[in-house]
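Visitor: Generate a structure from the sequence data that follows.
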Amino acid sequence: MKLFDVYPLFDIEIDRGEGCHVYDKEGKEYLDLYGGHAVISIGHSHRRYLDALASQASKLVFYSNSVINPLQVKLAERMGKVAGIDDYQLFLVNSGAEANENAIKLASFVTGRKRIVAFDKAFHGRTSAAVEATDNPKIQAPVNCNDNVTFVPLNDIDAVKAELAKGDVAAVIIEGIQGVGGIRVADDNFLKELSQATKEAGTMLILDEIQSGYGRSGRFFAHQYSGIKPDMITMAKGIANGFPMGAVAIAGDIAPVYGQLGTTFGGNHLACAAALAVLDVIEDEKLVENAEKVGQYLIDNLKGLPGVKEVRGRGLMIGIEMEKPAKELRRRLIFDRHIFTGASGTNTIRLLPPLCVTKEDADRFIDNFKEELKAEGYVG
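Guide: Sure, this is the predicted structure:
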């Protein structure tokens, strides 16, 4: 048997990691400014995280959700306090797509409606309802193609209101900051108007914070810049620093019903131990504050560079849109400069480093990035 070949792979085998750095099997060091798709929140191989996993694994890795799991209760309490969402309820799953899938399903149960409004360039996952709400026909199989989802332009409140006025919208789903779509930020005033409009229409507002949450934006959740309180918040990625986990935070006025939602592995003992360690490190090491500070430093120093069309984002969720395709630039950053970055579309370099990234790490990237711009013929 061989692997199903669906990933275009870089010819690099990462063997180990520490903090914001990873090492290949030959011992070469790379600065990790991508965090494995924004998954590594507290850094690679953090001692407290490893100790928490080892301690829990020595006692119990898994038992089903048919019995009390005190780690789930503790996680809900800790997350509520650290994230500032004490008045929400927590449903634990295994991934971001699963979180969005359950949020959309719950919105439909609550409202009795089946239509969803999403946004141009949105990405919400690859499972059934999540991929239907993703603005990319290339990853939608025929079974996922129906009339249940309408896409509207980001930050266009009139377009949203026109859809809500039809009276059949179960939920509006929006990313705190669009990730795959190119690091595009929803305006704070737009989010405030959106929150009010959905309330008036009896429609659930789902904030997809899978990539933008857990401190990445410089707030625990990106939507907190606007001060709104959505009906549901979905999260995954950095929630357990690489251990598969996701969650839906559900407003307190939404009543649970036995049997509507469920999961075999969601919120298992080992996942909860990992997630609790992540919260402890985020709080104790002030990583949300670090994300805001180092992220702003990067943004300030990248704006206006020759060849850079626009720098977008908040905190450590940054998109650098180039004036021409960035594929070769990204390749050279990885192979020649030993700096991992991501990409969005054709022209955008995406930075999603661990939240413990330092100013010295940022300077290393800025200096090497400038050198590569010179190599591409841009003149400062």
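Visitor: okay, CA-based contacts and neighbour counts for the rest of this
Guide: Will do.
Visitor: so what's G182 closest to, chain neighbours aside?
Guide: Computed as CA to CA, 6 or more residues apart in numbering, the closest residue to G182 that is not its neighbour in sequence is S344, at 5.0 Å.
Visitor: these two touch, right, that neighbour and R350?
Guide: Yes: here S344 reaches R350: they are 6.3 Å apart, a contact under CA atoms under 8 Å.
Visitor: and the two? which has more neighbours close in?
Guide: Neighbour totals were compared for S344 and R350, and R350 leads with 29 against 18 (other CA atoms under 10 Å).
Visitor: R332: how many residues sit nearby?
Guide: 15.
Visitor: so who does the residue lying closest to Y30 once chain neighbours are set aside touch?
Guide: Counting by CA to CA, 6+ apart, Y30 lies nearest to H338, which is 4.6 Å off, once chain neighbours are set aside. Counting by CA atoms under 8 Å, 6 or more residues apart in numbering, H338 makes contact with 29-31.
Visitor: hang on, the earlier thing: which residues are in contact with both of S344 and R350?
Guide: Residues touching both S344 and R350 (CA under 8 Å, 6+ apart) are 182-183, 319.
Visitor: In strands, which of those residues appear?
Guide: G319 (DSSP state E).
Visitor: Name the nearest of the shared contacts of S344 and R350 relative to G227.
Guide: I183 (20.3 Å; CA to CA).
Visitor: Excluding covalently adjacent residues, which one is nearest to the closest one?
Guide: I183's closest residue in space is G319 (CA to CA, 6+ apart), at 5.2 Å.
Visitor: Surely that neighbour is in contact with N347?
Guide: No: when contacts are counted by CA under 8 Å, G319 is not listed as touching N347 (9.7 Å).
Visitor: Can you report phi and psi for V93?
Guide: phi -130, psi -160 (degrees, to the nearest 10).
Visitor: Read off the pLDDT value for it.
Guide: On the pLDDT scale, V93 is placed at 98.
Visitor: Specify the beta-bridge partners of it.
Guide: G246 (DSSP bridges).
Visitor: Quick check, it in contact with M245.
Guide: Yes: V93 lies in contact with M245 (CA under 8 Å); the separation is 6.0 Å.
Visitor: which residues are common contacts for these two?
Guide: With CA under 8 Å, 6+ apart, V93 and M245 have common neighbours 266-267.
Visitor: Tell me which stretches of this structure form helices.
Guide: 35-38, 47-57, 70-83, 96-111, 128-132, 157-164, 188-201, 269-284, 287-302, 327-335, 359-375 (DSSP state H).
Visitor: Distance-wise, check the residue nearest to Y30 relative to E175.
Guide: As for H338, its distance to E175 is 30 Å (criterion: CA to CA, to the nearest Å).
Visitor: Repeat that for I183.
Guide: Applying CA to CA to I183 and E175 gives a distance of 10 Å.
Visitor: Next, count neighbours for V6.
Guide: Counted with other CA under 10 Å, V6 comes out at 6.
Visitor: Report pLDDT for Q260.
Guide: 94.
Visitor: Please apply the same query to G380.
Guide: 59.
Visitor: now K25: how far from G242?
Guide: 20 Å.
Visitor: who's more crowded, the two?
Guide: A count of neighbours by other CA under 10 Å puts G242 above the other of K25 and G242, at 21 against 11.
Visitor: What residues does the spatially closest residue to L60 that is not a sequence neighbour make contact with?
Guide: The spatially closest residue to L60, leaving aside those adjacent along the chain, is H269, at 6.8 Å (CA to CA, 6+ apart). Residues counted as contacts of H269 (CA under 8 Å, 6+ apart) are 56, 60-63, 69, 71-72.
Visitor: Buried ones among those residues?
Guide: 56, 62, 69, 71-72 (16 or more other CA atoms under 10 Å).
Visitor: is it possible to export those to CSV including distance to K192 and pLDDT?
Guide: Converted to CSV, these look like this (distance: CA to CA, whole Å; pLDDT from 0 to 100):
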residue, distance to K192, pLDDT
Q56, 42, 98
F62, 41, 97
N69, 37, 97
L71, 34, 98
Q72, 32, 98
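Visitor: Closest to I210 out of those residues?
Guide: Looking across the buried ones among the contacts of H269 and measuring by CA to CA, the closest to I210 is Q72, at 19.2 Å.
Visitor: Tell me who's in contact with that closest one.
Guide: So Q72 contacts 267, 269, 272 (CA under 8 Å, 6+ apart).
Visitor: same thing but at 10 Å, please
Guide: 65, 78, 90-92, 266-269, 271-273, 275-276 (CA atoms under 10 Å, 6 or more residues apart in numbering).
Visitor: Find the centremost residue of this structure, please.
Guide: Centroid check for the chain by CA atoms, centre = their mean gives Q211 as the closest residue, at 0.8 Å.
Visitor: Correct me if wrong: it contacts A38.
Guide: Yes: assessed by CA atoms under 10 Å, Q211 is found in contact with A38 at 6.2 Å.
Visitor: joint contacts of the two?
Guide: 179, 236-238, 317, 352.
Visitor: When G319 and N347 are compared, which one has more neighbours?
Guide: G319 (27 against 20).
Visitor: I figured the more buried one hits T348, correct?
Guide: Yes: checked against CA under 10 Å, the pair G319 and T348 is within contact range at 6.1 Å.
Visitor: what residues are shared contacts of those two?
Guide: 180-183, 310-312, 342.
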